[in-house]
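Enquirer: Next come a sequence and a model predicted from it.
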Amino acid sequence: MRTKATRRSFVKGCAAATVGFAVPAYLEAGASPNEKVNLALIGAGGRGVALVGMGGPEVNRVAFCDPDEQYAGKTFERFPKVRRYTDYRKMFDEMEREIDAVAVATPDHHHYPASMMALLRGKHVYCEKPLTYTIHQARWLAKVAREKKLATQMGNQGNSSESTRLVREWIKAGVLGEVREVFHWNDYPMAAREPRRPVLIPPGVDWDVWLGPVPSRPFTTGTIRMGWHPFSDICNGLIGNWGTHHLSAAWWALDLGAPTTIEVVQQTEWPVKESYPLGYVLKYTFPARGTRPAVTIHFWGGTLAAKMPRPKHLEADRKVPNMGQLIVGTEGSVMGDPWCLQGRIIPEKKMREVGRLPQTVESYGDHAASWLKACRQGTPTASNFDFASRVTEAALLGSIALRHGKKLEWDSDKMCFPNDPEANKYLRVELRKGWDV
């Protein structure tokens, strides 16, 4: 009851005031630096297959949870002695004292309840991107993580990369000149062409638990085993899901903060109303920061990605990849993949001229390993929930603009759209009873 009362107070307060985003104070007291972390994995299939090996022998894997026994099969077979659960609520009830940290690799609609249940029990949390399904959830999760002083990390792996560090160095040193525009493009097909159809529930799937916090409904296609990506009740589409990868490096390096407007510049056909248009172009505007000019971010998604203008400063004989990002300066640009794992200055001649700059911003190393280190030692992470909540917020604003279909003005302090209050309905959702933390 105390948790719900606090949550209601937070919801009420969001209408009038901002939630602070101070860098969290990390663990004041924690496990010994040499102690193994007892890890529970929620979502053992899909991304969970990649996360289960994090930390190697430095981690004790104590519990796996997944409502789809077949999808999680590879993880279960790899670690046959680890306790298995279908419902993470039961896992927490039975094993709370045996768990130090939790990795969440579920579909997007479970990110918030799974992470919040862990945080409220004092567990460190690694959550795959995007941090949450709604902006309200992202702010609330960051607030609790900050108050609990726990080690957190969102799974936008490029944030810890050497490439992202270099982008921050280049922009800090001014080698690109003045930056006023950033471009992102991605042709990943995360929009449905056909509606979902009722089918039989496959063996080994607990459909009610898979739905979790969203309203109960019959089983259909377009749900389990990555089929959920195109549908708006579970996922926020390409910009909402991949946006935290795309936006993070430039957003961090340029210290962009919150956008002031978001609009859909162009879109193609939209065959399934519960999904997203097959192609679209979004435009974000960010205000000037001190002596830095205002910045416009363009996102070319789906079938329109190939129509993005050719990158400025790119040599004529070089091809444009099917997905990537471009930070455009007056003296040069940075072009990289969506994760910013391989960002380089263009033209290449400029890259050679800049050379290796002295290091002035921090390095983080491996993304998962840095979180496990934070669990043991209280060291910083590159995408703690304070940072992750703000990047997630920017990505989700693009999804809201798509679904609402109108240019939106964003008041970050009051967490609302002052020019179109009708769009505020997308900022939060009611969770199904039993999942409403």
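Expert: Alright, I've got the coordinates. Residues are numbered from 1 along each chain as shown.

Enquirer: what's near enough to touch the residue nearest the centre of the chain?
Expert: Nearest to the geometric centre of the chain sits P130, at 2.3 Å (C-alpha atoms, centre = their mean). Counting by C-beta atoms under 8 Å, 6 or more residues apart in numbering, P130 touches D108, H111, M154, N236, G240, N241, G243, T244, T392, A395, L396. C-beta coordinates here come from the backbone N, C-alpha and C atoms, glycine included.

Enquirer: Let me know the pLDDT of the closest residue to the third one other than its chain neighbours.
Expert: Once flanking residues are discounted, M154 sits nearest to A388: 3.5 Å by C-beta to C-beta, 6 or more residues apart in numbering. Note for A388: predicted pLDDT of 98.

Enquirer: Likewise for E35?
Expert: 86.

Enquirer: picking that back up, out of the contacts of P130, flag the one nearest to F417.
Expert: L396 (12.5 Å; C-beta to C-beta).

Enquirer: The closest one contacts I135, doesn't it?
Expert: Yes. L396 lies in contact with I135 (C-beta atoms under 8 Å); the separation is 5.4 Å.

Enquirer: More neighbours: which of the two?
Expert: Counted by other C-beta atoms under 10 Å, L396 and I135 do not tie: L396 has more neighbours, with 28 against 25.

Enquirer: Just confirm that one is within a helix.
Expert: Yes. Counting by DSSP: H, G, I helix; E, B strand; the rest coil, L396 is found in a helix.

Enquirer: gap between it and M351?
Expert: L396 sits at a distance of 34 Å from M351 (criterion: C-beta to C-beta, to the nearest Å).

Enquirer: How about E58?
Expert: With distances taken as C-beta to C-beta, E58 is found 37 Å from M351.

Enquirer: Kindly provide the distance from the closest residue to A288 other than its chain neighbours to G158.
Expert: Computed as C-beta to C-beta, 6+ apart, the closest residue to A288 that is not its neighbour in sequence is A294, at 4.8 Å. A294 sits 25 Å away from G158, going by C-beta to C-beta.

Enquirer: of the two, who's got more company?
Expert: More crowded of A294 and G158, by other C-beta under 10 Å: G158, with 25 against 12.

Enquirer: these two touch, right, the more buried one and R165?
Expert: No. Applying C-beta under 8 Å, one finds G158 not in contact with R165, separated by 10.5 Å.

Enquirer: the strands in this protein, which residues?
Expert: Along the chain, the stretches classed as strands by DSSP state E are 37-42, 59-65, 83-85, 101-104, 124-127, 152-154, 179-186, 261-267, 279-286, 295-302, 323-329, 333-336, 344-346, 408-409.

Enquirer: so of those, which one's packed in deepest?
Expert: Comparing the strands of the chain by mean neighbour count (mean count of other C-beta atoms under 10 Å), strand 152-154 ranks first with a mean of 31.

Enquirer: Run through who's touching it.
Expert: 24, 119, 124-131, 145, 244, 367-368, 370-371, 374, 381-385, 387-388, 391-392.

Enquirer: If we use 6 Å, what do you get?
Expert: V125, Y126, C127, K129, L131, A145, W371, T381, S383, N384, F385, A388 (C-beta atoms under 6 Å, 6 or more residues apart in numbering).
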